[in-house]
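Participant: The sequence and its predicted three-dimensional model are supplied below.
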Amino acid sequence: MKIRTGFVSNSSSSSFCIYGAIVPSDIDRDKLWNLKTLSHESGIADYSDEDLVGLFPWQMGAEETRAQFEKRVEDLIKEELGVELSCNWHTDGGYDG
């Protein structure tokens, strides 16, 4: 899990790309802090205070196709959060300066 607490040392901008799902408010928030495999982004600008779970592109296996990667993420979300969520590619970026 990656938690952003400040700026990148040589820049005040940040961005990310993740395949995953926005977590509905009825999901137990403690589950988000106990994720084993999934990455968690919290308070994403485009989604207000909502949480996003999924995997980053660099977490794709060397021999894994995009379809296999997306299926693996969907299966992990179901396994770790106990629900099936609609997944998609999410990107965000911003400048804080």
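Facilitator: In hand now; what should we look at?
Participant: what about the residue nearest to residue 89 when sequence neighbours are not counted, helix or strand, and which?
Facilitator: In space, not counting the residues next to it along the chain, residue 89 is nearest to residue 19; the distance is 5.3 Å by C-beta to C-beta, 6 or more residues apart in numbering. Just so you know, the C-beta spots here come from the backbone N, C-alpha and C atoms, and that holds for glycine as well. Taking DSSP states H and E as the definition, residue 19 sits inside strand 13-23.
Participant: Quick check: next helix or strand after that strand?
Facilitator: Secondary structure here is assigned by DSSP H and E; on that basis, the next helix or strand after strand 13-23 toward the C-terminus is helix 29-33.
Participant: what mean pLDDT does that following helix have?
Facilitator: Taken as a whole, helix 29-33 has a mean pLDDT of 84.
Participant: what does stretch 54-63 give?
Facilitator: Within the predicted structure, the mean pLDDT of stretch 54-63 is 94.
Participant: Pull out the buried residues from the longest helix seen in the chain.
Facilitator: In the chain, taking DSSP state H as the definition, the longest helix is helix 66-81. Along helix 66-81, these residues count as buried under the neighbour rule (16 or more other C-beta atoms under 10 Å): 69, 70, 72, 73, 74, 76, 77, 80, 81.
Participant: List just the nearest of these to residue 26.
Facilitator: Nearest to residue 26 among the buried residues of helix 66-81: residue 81, at 11.0 Å, using C-beta to C-beta.
Participant: quick one: that closest one from residue 18, how far?
Facilitator: Relative to residue 18, residue 81 is positioned 15 Å away (criterion: C-beta to C-beta, to the nearest Å).
Participant: Also residue 59?
Facilitator: The value you get for residue 59 to residue 18, if C-beta to C-beta is used, is 9 Å.
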